[in-house]
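**Q** Model the following, please.
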Amino acid sequence: GFKHQEVLPKFTQKATDVINTHASEYPETPLFLYLPLAAPHTPIMPNKEFVGKSGLGDYGDFVCEVDWAVGQVVEALTRNGMLDNTLLIVTSDNGCSPMADFEHLESLGHDPSYHFRGHKADIFEGGHRIPFIAYWPEHIPAGTTCDHITCLTDLTATAAAIVGVSLP
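**A** Okay, the predicted model is just below:
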């Protein structure tokens, strides 16, 4: 019964359900929610309500659907009064997949690797440089940037430090 197009909406619904339930049943207890989105990964299959939204073809439309999913999580956190004291991290695990049809995207004036060479599955910076947004208004001032090289493996130690746990 697995259907690729159902993954992102179902993950999103499950995440918002967890937020809503937690807020009503455990309002004084911190929540840790790990939501690994399976998009915009291959197969590139935006749902019909997103087809044609980006003007950049299927890949752009799939990115629009990811934006919607993140927006649903933010909306649930806001609705439950949790957003201002929540560390929200939005990132990716690698550069854009070559299945995104770079020639088509470039013909429309878009380069998903920005000015970096490469993409997912190669050794160049475009395959490894990823977006990383951290939102936590009670702890991270708006407009803060960081020029240090980081790696997603740094998140384990950072999360542990935030909650006061020592790692071996």
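**Q** Distance-wise, check the one residue sitting closest to the centre of the chain relative to residue 26.
**A** The residue lying closest to the centre of the chain (CA atoms, centre = their mean) is residue 90, at 3.9 Å. Here the criterion is CB to CB, to the nearest Å. By it, residue 90 lies 24 Å from residue 26. Where C-beta positions appear, they are placed from N, C-alpha and C, glycine not excepted.
**Q** what residues are up against the residue nearest to residue 4 when sequence neighbours are not counted?
**A** Among residues not flanking residue 4 along the chain, residue 45 sits closest, at 5.1 Å (CB to CB, 6 or more residues apart in numbering). The contact partners of residue 45, by CB atoms under 8 Å, 6 or more residues apart in numbering, come to 4, 5, 58, 62.
**Q** For residue 132, grab phi and psi.
**A** The phi and psi values for residue 132, taken as degrees, to the nearest 10, are phi -150, psi 110.
**Q** and it, how many neighbours does it have?
**A** 13 (other CB atoms under 10 Å).
**Q** How much space separates it from residue 152?
**A** 8 Å.
**Q** in terms of contact, does residue 85 touch residue 140 like I think?
**A** No - contact criterion CB atoms under 8 Å: residue 85 and residue 140 do not qualify, at 11.9 Å.
**Q** Identify the residues contacting residue 23.
**A** 80, 81, 82.
**Q** What segments of the protein are strands?
**A** Ranges of strands within the chain are 88-91, 132-135, based on DSSP state E.
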